[in-house]
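Participant: turn this into a model:
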Amino acid sequence: MGLLNKLFRGDNEAKEDKVLPWIPLNELTQLDSIKNQSDTKTQVIFKHSTRCGISRMVMKQFVDAYNFTEKDLDLYYLDLLNYREVSNEVGYKFQVLHESPQLLVIKNGAVVSHASHGAINALDLNRFI
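Facilitator: Sure, this is the predicted structure:
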């Protein structure tokens, strides 16, 4: 009955949402800090479009698979619709073409890897820690 209960459980059993240690990226000045901090700790930027179903699906998969702590890396969340100027500057500062959703991995002041759409979840962040 355990499997049937899981398949047909009532709304009484709410699934607990996983919360990541997101750092909101909403100021241009943060980009210099990210670049500087990347000399000692991996920095990751997740660019997300809140109006895109694909972006929402990729983010959900990313959150479900994420298994790092704040000691491992800094994880920034960029709502690119509300902070378009910041999103544009990310592209200029780190020399990457804009895509959405997009994940950038920054070490020693430069992007060492980036991915978009489904490739985000195939990216092995362990390689950069």
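
Participant: what pairs with the one residue sitting closest to the centre of the chain across the strands?
Facilitator: Computing the C-alpha centroid of the chain and ranking residues by CA atoms, centre = their mean puts F46 first, at 3.0 Å. Beta-bridge partners recorded for F46 (DSSP bridges): Y77, L103.

Participant: wait, what's in contact with it?
Facilitator: Contacts here follow CB atoms under 8 Å, 6 or more residues apart in numbering; on that basis F46 touches W22, M59, F62, L75, Y76, Y77, L78, P101, Q102, L103, I120. In this view, the C-beta of every residue, glycine as well, is placed from N, C-alpha and C.

Participant: and D32, how many neighbours?
Facilitator: Counted with other CB atoms under 10 Å, the neighbours of D32 add up to 10.

Participant: residue contacts, it?
Facilitator: D32 sits in contact with no residue, where contact means CB under 8 Å, 6+ apart.
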